[in-house]
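# no sequence for this one, just the structure:
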């Protein structure tokens, strides 16, 4: 099933989806939806999860019959008017874009909060959830604001989006829901989805496991990027990146890579 982007005015995304669901024959498409993300807002003693549009002005539709779908849309007066006025753009997604978006969105088309643990000095020592699948796309972490900036490509356009983070301190407090833009049901209290591995990786209450902290001189395996599959040595540790030395072609090559792209070897 191929994915297509429908671009319209910000704030009209859900109205567009309702219109598509009402007038387009169901055999021409699989789903039509708006993508959302969870963001944690921490203000004084109150923590709230907001569910907001991650791509304002965009909706998505899946179809195995795009030509028939587009031909049908052009025959619908409301859609034809939107196309003429420039309010409606129908663009296919690349396979890589589709696979990545599908991997971070849940069944409600929401990018849920990612759980992150830090070593106390601003370095991520454990990560799970959608951000775990972002790898080198992560530009920076803003722990106080509870998000990471991630570089995505949608319909050939580079976009920087925020993906929400929940930390250990947040889990110990009551977290409720705030503004919900998505048409989904939510309980009164937010309950993070954490596995036993998450609790172990965070030094949580169920299992006590030492966090992996990277230090200069550590031997690491490079798990993604240009040096994937090689063993390297940490030369310098920065906030969201590390400088490594890799022995290739008879010489040592120095490079700076995202901290998520390396794993400490035993």
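Arrived safely, thanks for sending. Being a predicted model, the structure only gives us computed values, none of them experimental.
# Give me the neighbour count for the nearest residue to residue 237 once chain neighbours are set aside.
With sequence-adjacent residues excluded and distances taken as CB to CB, 6 or more residues apart in numbering, residue 237 is closest to residue 214, at 5.4 Å. (Glycine included, C-beta is placed from N, CA and C.) For residue 214, the count of nearby residues is 19 (other CB atoms under 10 Å).
# wait, residue 214 sits on residue 258?
No - distance between residue 214 and residue 258: 11.8 Å, which falls outside the contact criterion (CB atoms under 8 Å).
# What pLDDT does the model give residue 266?
With respect to pLDDT, residue 266 has a value of 62.
# err, residue 56, not the other one
So residue 56 comes in at 92 (pLDDT).
# which SS state does it fall under?
Counting by DSSP: H, G, I helix; E, B strand; the rest coil, the backbone at residue 56 sits in coil.
# In terms of helix, strand or coil, where does the closest residue to it other than its chain neighbours fall?
Nearest residue to residue 56 in three dimensions, chain neighbours excluded: residue 10, at 4.3 Å (CB to CB, 6+ apart). With three-state DSSP as the basis, residue 10 sits in coil.
# So what touches the helix or strand harbouring residue 22?
In this structure, residue 22 sits in helix 13-23 according to DSSP states H and E. For helix 13-23, contacts defined as CB atoms under 8 Å, 6 or more residues apart in numbering pick out 6, 8, 29, 32-34, 53, 56-59, 61, 76, 78-79, 88, 183.
# on that earlier part again, quick one: pLDDT of the residue nearest to residue 56?
Residue 10 is given a pLDDT of 88.
# What count of nearby residues applies to it?
10.
# which stretches of this protein form helices?
Along the chain, the stretches classed as helices by DSSP state H are 13-23, 66-75, 77-85, 95-104, 168-171, 196-201.
# I'd like to know which of those helices is closest to residue 187.
helix 168-171 (16.1 Å; CB to CB).
# What ranges does the stretch 51-200 of the chain have for its strands?
Assigned by DSSP state E, counting those that start in this stretch, the strands in the stretch 51-200 of the chain fall at 58-63, 89-92, 110-111, 114-118, 124-128, 138-142, 147-154, 157-166, 175-180.
# Can you name every helix or strand that the last one contacts?
With contacts defined as 3 or more CB pairs under 8 Å, 6 or more residues apart in numbering; DSSP states H and E, the packing partners of strand 175-180 are strand 46-53.
# do the second one as well
Using 3+ CB pairs under 8 Å, 6+ apart, the elements in contact with strand 89-92 are strand 2-7, helix 66-75.
# Report the strands that pair with that strand, each with its relative direction.
strand 2-7 (antiparallel) (DSSP bridges).
# which residues sit against the strand it pairs with?
Outside strand 2-7, the residues touching it (CB under 8 Å, 6+ apart) are 16, 20, 32, 57-64, 66, 88-93, 97-98, 101, 154-155.
# And for stretch 56-70?
Outside stretch 56-70, the residues within contact range by CB under 8 Å, 6+ apart are 1-11, 13, 16-17, 20, 24, 27-35, 90, 92-93, 101, 109, 154.
# give me the low-pLDDT residue ranges for the protein?
Across the chain, the ranges flagged by pLDDT under 70 are 120-121, 193-213, 239-240, 266.
# Domain ranges for it, per the record?
Domain segmentation of the chain under automatic domain parsing yields 2-201, 219-264.
# what is the orientation angle of the helix holding residue 22 with strand 46-53?
Interaxial angle, helix 13-23 versus strand 46-53 (axes from the mean of the first three to the mean of the last three CA atoms, to 10 degrees): 50 degrees.
# can you pull the buried residues of helix 13-23?
For helix 13-23, a neighbour-count test (16 or more other CB atoms under 10 Å) marks 13, 16-17, 19-20 as buried.
# Alright, calling it a day.
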